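Chemist: make a model of this:
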Amino acid sequence: MNNSDLIVRALEQAGVRWVFGVTSGPVLPLSEALRRSSIDFVLTASETSAGFMATAVGYLTGIPGVCASTVGPGATNLTTGVGCAWLDRAPVIAITCNVGSSWLERRIQMRIDHHALFRPLTKATISFRDHSTDEIMRRAIALAVEDPPGPVHLDLPEDIAQANPGAAVAASRHESSRPPDLSGDIAKILSASLAQVRRPLVITGLSFTRSRATRELLQFVERQRLPFVTTMHAKGFLPESHGHWAGVIGRARRSDIKAFTDRADLIIAVGYDPIEINYEDWTGKTPIVHIGSEAAETGKDLNFVWNAASDLDAAIEAISATAPVSNEWSAAEWSQHRSALDRALRPSRTDFSTYHVLDALRGWLPADGILAYDVGAHTHQIATQWRSELPRTLLATNGWSSMGYGMPAAYAARLVFPERPVVCVVGEGGFQMTGGEL
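Modeler: Predicted structure coming up:
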């Protein structure tokens, strides 16, 4: 057994089923170890697609998606896919297979500093020269899935990949950092705020997609008779057929949605990650109760009533138990807004338009079918027009927003869920970037 075998064994134990990448000389020890394992090496047309596919797998399963590349240009190609995992919050292990250790400080063909390259895009960048293989893999896997999840970069020199491992080291505990439980304080502040305003509004975002308390938040919305809007990533985590749903901010017909959110005199942001859209872009000076596992960045024009990192699930459970407070919203008002929004999304015309395609797809694709879509003008239309009832049935990149994401993400979804239909909507730009993946 060599170090590549140990790496693969650790991935197997973590539940990894695929490694995506492009092989080459330095990658061969790892791909050979994968050949002898239960993990499939999935050859992609580019390392960028490998990173996108690993991101989609990590998001859909909660188990780190894994991608691998060769030295230099292979690593730079990989960074675009890894950046997606970084800003869209998906657990990923990115392995760059490097030249031999004796060449790592030399100026030679293809070699660059992989750690300097990946440092701004990852939670950590680690060399297999610095620690034992077992220790590195334990740390990397734990760190990738720790909230907020994200990518970890591992650099594997070719000689170390083929070397026999040293003596096993005692397992060290990875000290995970969990936010404190401030649910009692949040519930008190929110109750007091609700008593002072007339039109409170709920918004959910990217961090809410990692919550286990979706049912409790829906109970809170219903009990307090509040409308809710979402970001693009949060679509489907509360059902969009619900009578309290009022749209997706920052996308198609964004001015119509903003006209609605501007009526609010209190914004209750649950699991909102400003990486999708800054608070400044739509809140004005409206008071904000920011409930999340991370505090939001402050700005001179923002009015936070509450803004501190807290255990998100505990906070949602606490606010769901608060006594109902009357407000001035009406179900008729929400219904009129949704009807006007639907009409605006489908202007009267005789030619064949994007909204016709999306309506046809929505009528055909079952509720648990998965729609992956690339970045482009159609992204905005889908975000607002498409209705989602179930979580993780939409695959898109919002924090990273790189073209070329859609097709690799769709193929990854099909690997994860071979029994479910998967559709990809892609523009000509994204198709040209990743058409080789067909």
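Chemist: which residues of the stretch 1-150 of the chain score low on pLDDT?
Modeler: Applying pLDDT under 70 to the stretch 1-150 of the chain flags the ranges 103, 106.
Chemist: all strands of it, in order?
Modeler: Listed from the start of the chain, the stretch 1-150 of the chain has strands (DSSP state E, counting those that start in this stretch) covering 18-21, 40-43, 65-69, 92-98, 124-127.
Chemist: tell me which element the nearest residue to residue 323 once chain neighbours are set aside falls in.
Modeler: Distances taken as Cβ to Cβ, 6 or more residues apart in numbering place residue 191 nearest to residue 323, at 7.1 Å, with adjacent residues excluded. Yep, even glycine has a C-beta here, placed from its N, CA and C like the rest. Assessed by DSSP states H and E, residue 191 sits inside helix 183-196.
Chemist: residues contacting the residue nearest to residue 323?
Modeler: Residue 191 sits next to 322-323, 325 when contact means Cβ atoms under 8 Å, 6 or more residues apart in numbering.
Chemist: cool, residue 112 as well?
Modeler: Neighbours of residue 112 in contact, by Cβ under 8 Å, 6+ apart: 71-72, 75-76.
Chemist: do residue 319 as well
Modeler: Contacts of residue 319 (Cβ under 8 Å, 6+ apart): 183, 186-187, 190, 220, 291.
Chemist: re earlier: got TSV for the strands of the stretch 1-150 of the chain, with mean neighbour count and distance to residue 377 too?
Modeler: Below are the strands of the stretch 1-150 of the chain laid out as TSV (neighbours: other Cβ atoms under 10 Å; distance: least, Cβ to Cβ, whole Å):
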stretch	mean neighbour count	distance to residue 377
strand 18-21	28	28
strand 40-43	16	30
strand 65-69	32	28
strand 92-98	29	28
strand 124-127	19	35
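Chemist: export these to a markdown table and append columns for distance to residue 429.
Modeler: Output for the strands of the stretch 1-150 of the chain, formatted as a markdown table (distance: least, Cβ to Cβ, whole Å):
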| stretch | distance to residue 429 |
| --- | --- |
| strand 18-21 | 22 |
| strand 40-43 | 24 |
| strand 65-69 | 23 |
| strand 92-98 | 24 |
| strand 124-127 | 31 |
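Chemist: give me the buried positions along the helix holding residue 191.
Modeler: For helix 183-196, the buried set under the neighbour-count rule, 16 or more other Cβ atoms under 10 Å, comprises 183, 186-187, 189-190, 193-194.
Chemist: and of the contacts of residue 112, the nearest to residue 177?
Modeler: Residue 177 lies nearest to residue 75 out of the contacts of residue 112, by Cβ to Cβ, at 28.6 Å.
Chemist: any idea how many residues pack against that closest one?
Modeler: Neighbourhood size, residue 75 [other Cβ atoms under 10 Å]: 26.
Chemist: so how far is residue 56 from it?
Modeler: Applying Cβ to Cβ, to the nearest Å, the value for residue 75 to residue 56 is 20 Å.
Chemist: and the strands in the stretch 151-300 of the chain?
Modeler: Counting by DSSP E, counting those that start in this stretch, the stretch 151-300 of the chain has strands at residues 151-157, 200-204, 228-230, 245-248, 266-270, 287-292.
Chemist: tell me which of these sits nearest to residue 179.
Modeler: Across the strands of the stretch 151-300 of the chain, closest to residue 179 is strand 287-292 (Cβ to Cβ), at 8.5 Å.
Chemist: what's the angle between that closest one and strand 200-204?
Modeler: Orientation check (axes from the mean of the first three to the mean of the last three Cα atoms, to 10 degrees): strand 287-292 against strand 200-204 gives 30 degrees.
Chemist: surely residue 69 meets residue 50?
Modeler: Yes - using Cβ atoms under 8 Å, residue 69 makes contact with residue 50 at a distance of 7.0 Å.
Chemist: pull up the overlap in contacts between the two.
Modeler: Common neighbours of residue 69 and residue 50 (criterion: Cβ under 8 Å, 6+ apart): 21-22, 78.
Chemist: okay, and the beta partners of the closest residue in space to residue 154 that isn't next to it in sequence?
Modeler: Of all residues not flanking residue 154 in the chain, residue 95 sits nearest, at 4.9 Å (Cβ to Cβ, 6+ apart). Judged by DSSP bridges, the bridge partners of residue 95 are residue 68, residue 154.
Chemist: residues touching residue 95, list them.
Modeler: Taking Cβ under 8 Å, 6+ apart as the criterion, residue 95 is in contact with 7, 19, 21, 30, 66-69, 153-156.
Chemist: most widely separated two among those residues?
Modeler: Farthest pair in the contacts of residue 95 (Cβ to Cβ) is 19 and 155. Separation: 15.8 Å.
Chemist: now residue 101, nearest residue through space, not along the chain?
Modeler: Spatially, and ignoring its direct neighbours in sequence, residue 101 is nearest to residue 157 (4.6 Å; Cβ to Cβ, 6+ apart).
Chemist: how many neighbours does the closest residue to residue 292 other than its chain neighbours have?
Modeler: Once flanking residues are discounted, residue 292 sits nearest to residue 207: 5.1 Å by Cβ to Cβ, 6+ apart. By other Cβ under 10 Å, 25 other residues sit near residue 207.
Chemist: my read: residue 207 touches residue 271, true?
Modeler: Yes - using Cβ under 8 Å, residue 207 is in contact with residue 271, at 3.7 Å.
Chemist: between those two, which contacts overlap?
Modeler: Common contacts of residue 207 and residue 271 (Cβ under 8 Å, 6+ apart): 292-293, 312.
Chemist: distance to residue 252 and neighbour count for those - can I get that in TSV?
Modeler: Shown next, in TSV, are the shared contacts of residue 207 and residue 271 (distance: Cβ to Cβ, whole Å; neighbours: other Cβ atoms under 10 Å):
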residue	distance to residue 252	neighbour count
292	26	25
293	29	20
312	29	24
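Chemist: ok, and for stretch 255-263, which residues are buried?
Modeler: Buried residues in stretch 255-263, counted by 16+ other Cβ under 10 Å: 257-258, 260-261, 263.
Chemist: JSON lines for those residues, including pLDDT and distance to residue 279?
Modeler: Formatted as JSON lines, the buried residues of stretch 255-263 follow (pLDDT from 0 to 100; distance: Cβ to Cβ, whole Å):
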{"residue": "257", "pLDDT": "97", "distance to residue 279": "15"}
{"residue": "258", "pLDDT": "97", "distance to residue 279": "13"}
{"residue": "260", "pLDDT": "98", "distance to residue 279": "17"}
{"residue": "261", "pLDDT": "98", "distance to residue 279": "12"}
{"residue": "263", "pLDDT": "97", "distance to residue 279": "17"}
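Chemist: alright, calling it a day.
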